[in-house]
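Student: My questions concern the predicted model and sequence given below.
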Amino acid sequence: RVERAEAVVRAFLAGRRPACRDLRVRDLGGTARIELDPAVAAAVRDDRRLLDAVRGLGFGEVTVTPFRSGALNHEPDGGAPGAR
């Protein structure tokens, strides 16, 4: 499912400027977290076409966040899972 989602995101971003260097889709159960270069993430964060395309792969929710190495183990706000 992750590989299909990443292919969908790559196709959606094809030809877009600025080009996206870092792209990951994280499968968080029912949620897909799309991680992209910060400028690209900001540009497509609310694009219904992208969100619906990834949702169509079986994800209940889809979020777009800036890419951060090692982000699998951290919440998007920078904290560890469950940390407050």
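Tutor: Done, it's in. Numbers count the residues shown, from 1 in each chain.
Student: those strands in this protein, which residues are they?
Tutor: Using DSSP state E, the strands of the chain run over residues 23-28, 31-36, 61-66.
Student: how close does the residue nearest the centre of the chain sit to residue 55?
Tutor: The centre of the chain sits closest to residue 34, judged by Cα atoms, centre = their mean, with a distance of 0.6 Å. The gap separating residue 34 from residue 55 is 11 Å, by Cβ to Cβ, to the nearest Å. Heads up, the C-betas are built off the backbone N, CA and C, glycines and all.
Student: Any chance you could list residues touching both of these two?
Tutor: residue 62 (Cβ atoms under 8 Å, 6 or more residues apart in numbering).
Student: which non-adjacent residue is nearest residue 4?
Tutor: residue 57 (5.5 Å; Cβ to Cβ, 6 or more residues apart in numbering).
Student: got it, and residue 30?
Tutor: Excluding the flanking residues, the one nearest residue 30 by Cβ to Cβ, 6+ apart is residue 60, at 4.0 Å.
Student: Verify the contact between that neighbour and residue 31 for me.
Tutor: Yes - taking contacts as Cβ atoms under 8 Å, residue 60 lies within contact range of residue 31: 6.7 Å.
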